[in-house]
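> A structural model of the following input is requested.
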Amino acid sequence: MAGKRSKNLYEPKSKSAFKLSRSRLENFVKCPRCFYLDRRLGIEAPSGPQFNLNLAVDHLLKKEFDIYRAKKQAHPLMKQYGINAIPLAHPDLDTWRNAFKGIQYLDPATNFLVFGGVDEVWQKPDGELIIVDYKATSSEKEVSLDDAWKEAYKRQMEIYQWLFRKNNFKVSKTGYFVYCNGLKSEEDFNGQLKFKTTILPYVGNDSWVESALLKAHQCLESDTFPECSPKCEMCLYRKIAAETEKNA
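Numbers count the residues shown, from 1 in each chain. A predicted model of the protein is given here:
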């Protein structure tokens with residue numbers, strides 16, 4: 001929505017914990033200047049429409065894995081890919097999967113209450129947890145994690161792993177993406193979109209998270225605007241628009 005103002009603004013030197021979502025930390029990694037405008041000054045970037053088909057896939061996958069969670073059995077896909085685990089049954093799972101609550105950790109170095117809503121958690125026989133994320137697309141090529149823009153997916157996984165470790169859970173370095181690819185090769189639509197579902201493993205490394213939190217904290221504490229990220233389309237738009245208006 002254009003013109004939307006951020007409500008959860010950071011106040012320098014405040015003693016109160018500041019809620020920082022996983023997605024906001026990702027925004028800082030992508031562009032500190034846009035992050036500063038949003039969390040410090042209340043100027044939130046325009047948001048696009050929700051991807052409702054992706055949300056539907058997420059919802060249905062959760063319902064499907066919940067069936068096997070109740071049975072304490074591995075989903076057939078997990079068996080197909082040789083994953084020795086079952087969907088985790090935990091009293092806090094619904095909270096962890098809530099995008100507005102998620103699993104939380106109060107970082108003492110920054111006083112940020114970091115949170116993120118995870119899609120799925122599996123559990124190995126030894127109790128170790130596996131973080132799982134759902135993704136949906138429609139691509140004629142095989143799905144993979146090789147595209148440069150999917151580095152954000154990997155950071156997403158690593159923040160979830162970090163949050164669970166900070167909550168004293170034993171977490172596997174290997175997480176999984178359950179990737180649903182809508183098929184365009186079918187002869188007709190007939191009111192149904194068929195998917196090929198693939199499980200992609202990813203070995204995460206969350207060593208960057210705490211450093212990023214410290215830098216994000218320093219950014220919000222400063223009264224100086226951060227530099228624009230050279231790859232930030234929003235900053236480039238603002239720059240060109242300002243120059244055009246000035247010269248008009």
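
> Flag the shaky bits of this structure, pLDDT-wise.
1-6 (pLDDT under 70).

> how about the helices in it?
Counting by DSSP state H, the chain has helices at residues 22-30, 32-39, 52-71, 76-80, 93-96, 151-166, 209-221, 233-247.

> Out of those helices, flag the one nearest residue 123.
helix 52-71 (9.9 Å; C-beta to C-beta). The C-beta positions use only the backbone N, C-alpha and C, and glycine is treated the same way.

> so residue 83 touches residue 174, yeah?
No: assessed by C-beta atoms under 8 Å, residue 83 is found out of contact with residue 174, at 9.4 Å.

> where do the contact lists of those two overlap?
With contacts taken as C-beta atoms under 8 Å, 6 or more residues apart in numbering, residue 83 and residue 174 have residue 130 as neighbours in common.

> The two: which has the busier surroundings?
Using other C-beta atoms under 10 Å, the more surrounded residue of residue 83 and residue 174 is residue 83, with 19 against 15.

> Contact partners for that one?
74, 122, 130, 176, 199.

> let's see it at 10 Å
Shown in contact with residue 83 (C-beta atoms under 10 Å, 6 or more residues apart in numbering): 74, 75, 77, 122, 124, 130, 132, 174, 176, 199, 201.

> where's the residue most central in space within the chain relative to residue 230, distance?
Geometric centre of the chain, nearest residue: residue 156, 4.1 Å, by C-alpha atoms, centre = their mean. According to C-beta to C-beta, to the nearest Å, residue 156 stands 23 Å off from residue 230.

> now residue 148
Using C-beta to C-beta, residue 148 is found at 14 Å from residue 230.

> cool, residue 70 as well?
49 Å.

> Check residue 178 too.
For residue 178 relative to residue 230 (C-beta to C-beta), the value is 34 Å.

> Neighbour count: these two, which is higher?
Neighbour totals were compared for residue 178 and residue 230, and residue 178 leads with 23 against 8 (other C-beta under 10 Å).
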